[in-house]
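Trainee: Sharing a model that was predicted from the sequence below.
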Amino acid sequence: QIYPWQKLYVAISTGTKFQFLPFPLDFLVEFVWDYVILLPVHMIRAIWDYVSAQDIAARTEKMTLRRFGVYNDRARSLLASRRSYFIAVMVLGTFVVVPRTYLDLYAVLKDKHGMDQLVFYPNSYIAFKCHVRGGDSLACESSGMDPNSFAVYSYTMGLKLFALVFRQVLQFEILKQGILAVFQTIAIVMCWFAIRNWCSFGISRKCCHIGWIFLTLGPLWTSFLTVRDHVDWTEPEALVETYKHEAAYSLSSESVRNVCDEIAQAKEEEVLQAIEQVKVVCSASVLAKQILDLMHKGARGEDQAKLERWSILVNKVAAVCSGVLPSMRGDIVAVEGVVEKVMDFCYTVSDAVIVAQNSTDTANNGLVIEGVSG
């Protein structure tokens, strides 16, 4: 019995239909016709037809096999069916599977490039302020805290901390995608060789086995790789250590009192700017608290004790912020009330900092920053 789709097998070519065309045009036309246009026919023959019960070889395939001394109908059906399998795997692998892997690899490389741009910012607050202002001499020589620049510094250091870890994760993904891409490419190349030698069962069988091994070995090998073994925590820990010192110094009583003094001398028309300064200081302290809390979860022993002492200052500032900021929203509050809230914030934060510094100074193994204790 001849099924309807088997009538299309007469269109299958094995390099004989387009021999009248000059090289390489004959090869290109042959590829487009037999491998791309007739791909559904090959897939139907590979999946539905029964090799042991039907004569499914096309006329051109029989002519080719006859030149190799293959005359048995079942043997010709087997080799023709295998050829359809190889064509389906090769075309789908060449135009779908392998390109998708390389596109994933390109996307990971692009993400890593973005992470690399973030890690070039300096860890020091003074160096960062000088860097973002283009080497301005005033910014480079000043050692005081500018609330706006410190907020940008805190935000950028949070991104840098994320980038330092995530780019190593991306580097690990690049390794995995690279292994998969290379192994899949080798497998597809072996499938090409199997198609070129489809008339020889032995050679095509060896090519098929080698391609199958590489195609299977890639995911199997990468499944044994773990991210933990490829992440170095030295740089993130150094960044957090530097940020702890910079945040403690920038939020110390001297720096906060300087901001308070500026706010106290502000005119009524500068009240809104003063409010923004308070919000910036609060935002910086909240971010510092989040970073310290993040490191506190992974710390042990003596490091954990130090982190707890370092967190006293930032936690108190953040606590004051949480009570003051809600009353500063909108323009409904009278100017006098806003100024009063701002001044209460300043003196409360300043007192909290002094208490935090005193508790840190009296603690065992207390840390000392140059010029500022606590």
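Mentor: Ah, there it is.
Trainee: so where's the protein shaky on pLDDT?
Mentor: Residue ranges of the chain with pLDDT under 70: 1, 52-53, 133-148, 248-374.
Trainee: And the helices in it, which stretches?
Mentor: Per DSSP state H, the chain carries helices over the ranges 25-30, 39-48, 59-67, 73-92, 98-118, 125-132, 137-141, 147-196, 201-223, 234-250, 253-264, 271-298, 301-324, 335-362.
Trainee: how close does the residue nearest to V36 when sequence neighbours are not counted get to R205?
Mentor: Using Cβ to Cβ, 6 or more residues apart in numbering and skipping the chain neighbours, the partner closest in space to V36 is V91 (6.7 Å). Every C-beta, even on glycine, is put in place using the N, C-alpha and C of the backbone. Computed as Cβ to Cβ, to the nearest Å, the V91 to R205 distance reads 20 Å.
Trainee: Between the two, which has more neighbouring residues?
Mentor: V91 (18 against 13; other Cβ atoms under 10 Å).
Trainee: how about the CA coordinates for stretch 103-113, as PDB?
Mentor: Extracted as PDB, the C-alpha positions of stretch 103-113 are listed here (Å, rounded to 0.1, in the frame of the first residue of the first chain):
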ATOM      1  CA  LEU A 103      22.400  33.700  20.900                       C
ATOM      2  CA  ASP A 104      22.100  32.700  24.600                       C
ATOM      3  CA  LEU A 105      25.900  32.900  24.900                       C
ATOM      4  CA  TYR A 106      25.900  36.400  23.200                       C
ATOM      5  CA  ALA A 107      23.200  37.600  25.700                       C
ATOM      6  CA  VAL A 108      25.200  36.400  28.600                       C
ATOM      7  CA  LEU A 109      28.300  38.100  27.200                       C
ATOM      8  CA  LYS A 110      26.300  41.300  26.800                       C
ATOM      9  CA  ASP A 111      25.100  41.200  30.400                       C
ATOM     10  CA  LYS A 112      28.600  40.600  31.700                       C
ATOM     11  CA  HIS A 113      29.900  43.600  29.700                       C
END
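Trainee: got the contact list for that stretch?
Mentor: Stretch 103-113 has contacts (Cβ atoms under 8 Å, 6 or more residues apart in numbering) with R167, L170, Q171, E173, I174, Q177, G178, A181.
Trainee: Select only the buried ones of those in PyMOL?
Mentor: Here is the PyMOL command that selects the buried residues among the contacts of stretch 103-113 (16 or more other Cβ atoms under 10 Å):
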select buried, resi 167+170+171+173+177+178+181
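Trainee: Any chance of the contacts of stretch 103-113 in CSV with distance to I188 as columns?
Mentor: Listed next are the contacts of stretch 103-113 as CSV, based on distance: Cβ to Cβ, whole Å:
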residue, distance to I188
R167, 31
L170, 26
Q171, 26
E173, 22
I174, 21
Q177, 16
G178, 16
A181, 11
